[in-house]
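In: Predicted model follows, preceded by the sequence.
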Amino acid sequence: MEALKVLFTSSGRRVELIEIFKKEGFITYAADCDPTAPTLFTADKKFIVPRILEDPARYIDALMEIVKKENINVVIPLIDTELTTLAKAKDTFSQHHAVVLISEPNNVEIAFDKYRTYLFFKETGLLTPETRLVGEIMEKDEDLDKSFFPALLKPRFGSAGKGIMPCNDMDYILFLYSKGDLDDYVVQQKVSGTEITTDIFGDGQGNMISAVQRKRLKIRAGEVERGVTVKDNHLFDNALQFTRHYKPLGTVNIQCLFDKEKAFYIEINPRFGGGYPLAYQAGANFPGMIKKLLKGEKVTSGYSDYQEGLIMSRYDSAIYYKAE
């Protein structure tokens, strides 16, 4: 079989991820709206596309042209703003024999709505911090009990940790709400613990093929800069439970705050996370699993089969090229 062709959309700075796929024998294509994106000079072939937020339909059309012209096998989206749009367009891409490696649209939407994420974790039976809609509290003229605090105010549809504010009492919520600063916000009980992300690879049918736990040691701009792989049986059980309900296709990661036997889940990211290269270096070869899925081969589960105690310490590098 010829080498598989993978198109990374909104590829941005994800140079290391593209290098991993190249190492695994893929022909790599990168698409981005910014002609200076470093991944465009890392992939085998580059494309400049429209900004998705300006014209989603035109964006999808541009990607479809690339898929048809280059006979792309798999499309891997990399930023949050495009995931729902691409999830809804999966059938269109499949007509041209290209798989968009992303979960179903409803599940993608759950991940970007902090209140629905909270409800999903509760329905799944996983611990999650108590969360309320600020607007609903105001409409019902409720007072949250003092035991609810300390809490965090979070944009309901926010990402990368933007707009999060500490909140110690109901008076602060009332004050911000009166200023009109809490449109589409949730208030979430603050919980403590070690932040652990689990990178999961699923087959789309509720089966977990791989799962790698990594503890965040340092964060920069919402993305892990330093981390270490860990293993805990309780967290593996939770990942299996999550996967049965969420049915991810390809990569998703879930984040929790873990304190001994209690893990409070706070976030779902239905894409390759910035810290996935650590999972790969520890032995979780997601690109190899993608190859098998695309070829229709059985992908056996070995979800805890990776190196524990491997540390990732990331740093900045640069690509240089002439302006023309």
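Out: Perfect, thanks for sending it.

In: Show me the beta-bridge partners of the residue nearest the centre of the chain.
Out: Centroid-nearest residue in the chain: N269, 2.6 Å away (criterion: Cα atoms, centre = their mean). For N269, the beta-bridge partners under DSSP bridges are N253.

In: hang on, isn't it packed against V252?
Out: Yes: contact criterion Cβ atoms under 8 Å: N269 and V252 qualify, at 6.6 Å. C-beta: built from backbone N, CA, C; applies to glycine.

In: Show me the common contact partners of these two, please.
Out: A111 (Cβ atoms under 8 Å, 6 or more residues apart in numbering).

In: Next one: L293 relative to L101, how far apart?
Out: 8 Å (Cβ to Cβ, to the nearest Å).

In: I meant V186, not that one.
Out: 29 Å.

In: in the stretch 1-150 of the chain, what spans have low per-residue confidence?
Out: Residues of the stretch 1-150 of the chain that meet the criterion pLDDT under 70 lie in 1.

In: ok, back up a step: give me the more crowded residue out of L293 and L101.
Out: L101 (23 against 20; other Cβ atoms under 10 Å).

In: which residues touch that one?
Out: By Cβ under 8 Å, 6+ apart, the residues touching L101 are V74, V75, I76, L249, G250, T251, I290.

In: Spatially nearest residue to the fifth one (excluding sequence neighbours)?
Out: Think G250. L101 (3.8 Å; Cβ to Cβ, 6 or more residues apart in numbering).

In: Backbone dihedrals for that neighbour, please?
Out: Phi and psi for L101, reported as degrees, to the nearest 10, are phi -80, psi 80.

In: now the helix or strand hosting L278, how far from the centre of its chain.
Out: Assigned by DSSP states H and E, L278 falls within helix 276-281. Chain-centre distance of helix 276-281: 14 Å, with Cα atoms, centre = their mean, to the nearest Å.

In: after it, next one along is what?
Out: Next along from helix 276-281, by DSSP H and E: helix 286-295.

In: neighbouring strands for the following helix or strand past that next one, and are they parallel or not?
Out: Next helix or strand after helix 286-295 toward the C-terminus (DSSP H and E): strand 311-313. When sheet partners are counted by DSSP bridges, strand 311-313 sits next to strand 223-230 (antiparallel).

In: Identify all contacting residues around the partner strand.
Out: With Cβ under 8 Å, 6+ apart, strand 223-230 has contacts from 160, 196-197, 212-219, 273-275, 278-279, 282, 306-314.

In: Any of those buried? List them.
Out: 196-197, 212-216, 273-275, 278-279, 282, 306, 310, 312, 314 (16 or more other Cβ atoms under 10 Å).

In: ok, back up a step: can you check which residues contact both of L293 and L101?
Out: G250.

In: Can you give me the domain boundaries for the chain?
Out: With automatic domain parsing as the criterion, the domains of the chain are listed as 5-102, 130-189, 192-313.
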